[in-house]
Structure formats: structure tokens, C-alpha cells
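In: Task: produce atomic coordinates for the following.
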Amino acid sequence: MSGIIQKYDEATGHLSKTQIYKIGKLLENNCIIKLNPHCYKSLPIKGYNKSNYTINIIGTNYFTCTCQWFTMKKLECSHIAAVKRFINKELEADQRVLF
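Out: Residues are numbered from 1 along each chain as shown. The predicted structure is shown next:
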């Protein structure tokens, strides 16, 4: 994969692509891996980044991520949002959508 997935422009304070775009790329490239019901891994998008991130679910609806965005801002990142979509896809067969 080549091209820009996401880039922060310090001059404008904006991202080059939407978070929805990045979430789609994480799912499209099978970057979300379920380790257990409460722990997921986000693998790198080939040609974009080289980092793995761990997403944990604490309790029933609190998510954490080891990425810089979540660590610094404590706001939902694209990795957490991708895990939520991944979970919903798993639950669609049961017709139980949580997020």
C-alpha cells in the first residue's frame, strides 16, 4: 500500500485524511487482531507505519490504546474506533450491535 493514510499538518492543526478513512484502511487491511475478548492488537498498515498498538477493553465500555494520540489526549483514536467496528462485525451474525 502506498500513499498517505494520515498525516498531521502542524501549520493548520488538521489531519490530511479523516479518521473514518484511516479506520476503513485498518479494517480493509486486516490490521485488527483479537487476542482475547478484552484485548486487541492493531498491526501496522503496510507502507504507512511500523507500530503495533494494543487496545484493551476495561469493564463493559472503556477502551484504552497504547498509541500516542490516546496516551497524550485520552480521546478515542482510530485504533479504538476500528476495534469497535471489528467487534460489531463479529456480533452482526448474532444481531447484537454494541457500539
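
In: Going along the chain, name the strands of this structure.
Out: Taking DSSP state E as the test, the strands found in the chain are 8-9, 14-15, 32-36, 39-42, 53-58, 62-65.

In: in this structure, which helix has the most residues?
Out: helix 78-92 (DSSP state H).

In: Return the distance of Asn52 relative to Gly59.
Out: Taking CB to CB, to the nearest Å as the measure, Asn52 and Gly59 are separated by 24 Å. All C-beta atoms are positioned from the backbone trio N, CA, C, and that covers glycine.

In: For the most centrally placed residue in the chain, list the residues it contacts.
Out: Centroid-nearest residue in the chain: His79, 1.4 Å away (criterion: CA atoms, centre = their mean). If you count contacts by CB atoms under 8 Å, 6 or more residues apart in numbering, His79 has them with Leu26, Ser42, Tyr53, Ile55, Cys65, Cys67, Phe70.

In: tell me which residues in stretch 49-58 are buried?
Out: Tyr53, Ile55, Asn56, Ile57 (16 or more other CB atoms under 10 Å).

In: Quick check: the gap between the closest residue in space to Ile80 that isn't next to it in sequence and Gly47.
Out: Using CB to CB, 6 or more residues apart in numbering and skipping the chain neighbours, the partner closest in space to Ile80 is Phe63 (4.5 Å). Using CB to CB, Phe63 is found at 27 Å from Gly47.
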